[in-house]
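K.L.:
let's see this in three dimensions:
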Amino acid sequence: MTPLSYLSGFGIKAYPVTALTWGLLIISVSVVVIVTTLVLWGVLARRQPEQSIGDVAVERRGTGLGWLGLGVGISAVLLLISVVWTMAVLAKVSAPPPGSNPLTIEVTGQQWWWKARYLNADPSKVLTTADEFHIPVGRPVRVKLIGADVIHSFWVPALTGKTETIPGQTNVTWLEADKPGRYRGQCTEYCGQQHAHMALFVIAESPAAFDKWLQDQLKSAPAPASPALVQDQQVFVQHCGECHTVRGSMAGGSVAPDLTHLMSRTTLAAGTLPNTPGALAGWIADPQGQKPGTKMPNLYLSGQELTAVTTYLQTLK
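P.N.:
Next up is the predicted model:
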């Protein structure tokens, strides 16, 4: 399966949509094949020897209304089936099943990354992360969608269809995965220069593994374990703390991703780069070269400062 394939799905929301997709695809291909076959049959079966116009006798044959009636009748039946099937699927996937106790995540699309807040009645259990969202297998997830700047489109084809994130408006969709896995999503509404580099990942795991991940993510970043790391943290706060948050430090910015557990993620910059030490250093040193137009500015750090920031970030697991 390709990362953004919509011809296979996983979960109680995706299965009816996938079946409908295949059904309509088969119907459409069948219609094309039948029509093409009839046209070719008509052309070849009625082909006459080459004659001049004056030699062709005028003759009347059947009107062909029977064929027209048959074609219209079959088309009407197929269209009716398609409409009824589509409406039934839309009704079935419009909301999570009653009594399913869905998890609620607030996702904000912005140029060019995804911010996620795991909502909870207890403020101490509200978690903020970015680009990679963990969910428990078998439990529906309600997704509240917000647009921070321009219109984006939230799409995880293996789990759910497209829903717009519109500034000033909250849209709601939901998804559910019945198998553990890593499901890729993508912004599908052109939103500017780096639209193509605005991926997201939904990681479905067992309820026990999800609960452990959630508890780990709610923890603050560990305190620096040595005087050298204290200095590295200070360099990070000085240069990056106005935009990024690291809970447990003086960095409290809110306009860029929360980095409290950065090293638990597998990618950087919304799927643009792998989260490796080399890619991390390259991203910090030259974000405009890696992702032109991104909101993260070049900081023109010295080699020593770059090493300090990178070293500190690699402790945020």
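
K.L.:
now do the strands in this protein.
P.N.:
Under the criterion DSSP state E, strands of the chain are mapped to 103-110, 113-118, 127-130, 132-136, 141-147, 152-156, 160-165, 170-175, 181-186, 199-205, 267-268, 273-274.

K.L.:
tell me the helices and strands packed up against the fifth one.
P.N.:
Contacts of strand 141-147 with other secondary structure elements, assessed using 3 or more CB pairs under 8 Å, 6 or more residues apart in numbering; DSSP states H and E, are made with strand 103-110, strand 160-165, strand 170-175. (Glycine included, C-beta is placed from N, CA and C.)

K.L.:
same deal with the longest one?
P.N.:
Applying 3+ CB pairs under 8 Å, 6+ apart, one finds that strand 103-110 makes contact with strand 113-118, strand 132-136, strand 141-147, strand 152-156, strand 160-165.

K.L.:
pick the most deeply packed of those.
P.N.:
Across the helices and strands packed on strand 103-110, the average number of neighbours (mean count of other CB atoms under 10 Å) peaks for strand 152-156, which reaches a mean of 24.

K.L.:
could you dump that one to CSV, C-alpha only?
P.N.:
In CSV, the C-alpha atoms belonging to strand 152-156 read as follows (Å, rounded to 0.1, in the frame of the first residue of the first chain):
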residue,chain,number,x,y,z
HIS,A,152,-5.8,23.9,5.0
SER,A,153,-7.3,20.4,4.5
PHE,A,154,-6.8,17.5,7.0
TRP,A,155,-6.7,14.1,5.2
VAL,A,156,-5.6,10.7,6.4
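
K.L.:
run the angle between it and strand 141-147 for me.
P.N.:
160 degrees (axes from the mean of the first three to the mean of the last three CA atoms, to 10 degrees).

K.L.:
what's the angle from strand 152-156 to strand 181-186?
P.N.:
150 degrees.

K.L.:
packing partners of strand 152-156?
P.N.:
strand 103-110, strand 160-165, strand 181-186, strand 199-205.

K.L.:
nearest to Thr294 among the helices and strands packed on strand 103-110 would be which one?
P.N.:
With CB to CB as the criterion, Thr294 lies closest to strand 113-118 of those, at 8.7 Å.

K.L.:
which residue ranges of this protein form helices?
P.N.:
14-45, 65-92, 207-218, 227-240, 277-285, 287-290, 303-313 (DSSP state H).

K.L.:
any idea which of the strands of the chain gets closest to Leu25?
P.N.:
Leu25 lies closest to strand 160-165 among the strands of the chain, at 15.7 Å (CB to CB).

K.L.:
quick one: mean pLDDT over the closest one.
P.N.:
For strand 160-165, mean pLDDT is 94.

K.L.:
quick revisit: save the helices and strands packed on strand 103-110 as a markdown table, and put in distance to Tyr312 too.
P.N.:
A markdown table is the format used below for the helices and strands packed on strand 103-110 (distance: least, CB to CB, whole Å):
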| stretch | distance to Tyr312 |
| --- | --- |
| strand 113-118 | 21 |
| strand 132-136 | 21 |
| strand 141-147 | 31 |
| strand 152-156 | 31 |
| strand 160-165 | 32 |
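
K.L.:
to Tyr190, which of these lies closest?
P.N.:
That would be strand 152-156 among those, by CB to CB, at 9.1 Å.

K.L.:
partner strands of the closest one, parallel or antiparallel?
P.N.:
Sheet pairing for strand 152-156, assigned by DSSP bridges, gives strand 160-165 (antiparallel).

K.L.:
ok now the strand it pairs with, how far from the chain's centre?
P.N.:
The chain centre lies 8 Å from the centre of strand 160-165; the measure is CA atoms, centre = their mean, to the nearest Å.

K.L.:
distance to Leu127 for the helices and strands packed on strand 152-156 - can I get that in JSON lines?
P.N.:
Output for these, formatted as JSON lines (distance: least, CB to CB, whole Å):
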{"stretch": "strand 103-110", "distance to Leu127": "9"}
{"stretch": "strand 160-165", "distance to Leu127": "20"}
{"stretch": "strand 181-186", "distance to Leu127": "19"}
{"stretch": "strand 199-205", "distance to Leu127": "14"}
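
K.L.:
among those, which comes closest to Val72?
P.N.:
Val72 lies closest, by CB to CB, to one member of these: strand 160-165, at 31.8 Å.

K.L.:
what about Asp286, neighbour count?
P.N.:
Other residues near Asp286 come to 13 when the count uses other CB atoms under 10 Å.

K.L.:
pretty sure it contacts Asn298?
P.N.:
Yes. Contact criterion CB atoms under 8 Å: Asp286 and Asn298 qualify, at 6.2 Å.

K.L.:
quick one: closest of the helices and strands packed on strand 152-156 to Val77.
P.N.:
Comparison of the helices and strands packed on strand 152-156 against Val77 by CB to CB identifies strand 160-165 as nearest, at 26.7 Å.
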